[in-house]
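A.B. asks: Need the 3D shape of this:
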Amino acid sequence: MKKLQAGDVLLANEYQVRRGNHVSGLVLGPSELRPNEYLVTFTNGIAKDISPRLIDDLFVVLTRE
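C.D. replies: Predicted coordinates:
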C-alpha cells in the first residue's frame, strides 16, 4: 500500500457493501499515538487510528493526486 496523506478519501469496498454495514472515511493524517497507522474520521462519527492493512482490506482509497 502506498503512503496515505491527509485528505485522502476511503470508500467502502465491495465486501463492506455486501455485508450491509459500510462506512466511508477521511484520512486526517498519521496517528500521533501509533506508529505506522492513520487517524481516520468515519461517516458514522467515529475517529480512530487504523492500520494500512485494515484500510487495504476494507476500503477503496481515493488519493488527492
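A.B. asks: Shouldn't residue 7 be within a strand?
C.D. replies: No - Residue 7 is assigned coil when assessed by DSSP: H, G, I helix; E, B strand; the rest coil, not a strand.
A.B. asks: so how many other residues sit close to it?
C.D. replies: 12 (other CB atoms under 10 Å). The C-beta positions use only the backbone N, C-alpha and C, and glycine is treated the same way.
A.B. asks: residues touching it, list them.
C.D. replies: Applying CB atoms under 8 Å, 6 or more residues apart in numbering to residue 7 gives the contacts 26, 27, 64.
A.B. asks: Name the secondary structure element that contains the first one.
C.D. replies: Just to be clear, that refers to residue 26. Here residue 26 sits within strand 25-30, counting by DSSP states H and E.
A.B. asks: What pairs with the following helix or strand past that strand, parallel or antiparallel?
C.D. replies: Tracing the chain past strand 25-30, the next element assigned as helix or strand by DSSP H and E is strand 38-42. Sheet pairing of strand 38-42 (DSSP bridges) gives strand 25-30 (antiparallel), strand 47-50 (antiparallel).
A.B. asks: closest to residue 18 out of the ones you listed?
C.D. replies: strand 25-30 (18.4 Å; CB to CB).
A.B. asks: picking that back up, just name the most buried of the strands paired with strand 38-42.
C.D. replies: Ranked by mean neighbour count, the strands paired with strand 38-42 are led by strand 25-30 with a mean of 18 (mean count of other CB atoms under 10 Å).
A.B. asks: Switch the contacts of residue 7 over to TSV; also include distance to residue 12 and pLDDT.
C.D. replies: Putting those into TSV (distance: CB to CB, whole Å; pLDDT from 0 to 100) gives the following:
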residue	distance to residue 12	pLDDT
26	13	97
27	15	97
64	19	72
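A.B. asks: ok, so of the residues you listed, who is nearest residue 47?
C.D. replies: Here the nearest of the contacts of residue 7 to residue 47, counting by CB to CB, is residue 26; it sits at 9.5 Å.
A.B. asks: Now that closest one: closest residue in space, sequence neighbours ignored.
C.D. replies: Sequence neighbours aside, residue 41 is the residue nearest to residue 26 in space, at 5.3 Å (criterion: CB to CB, 6 or more residues apart in numbering).
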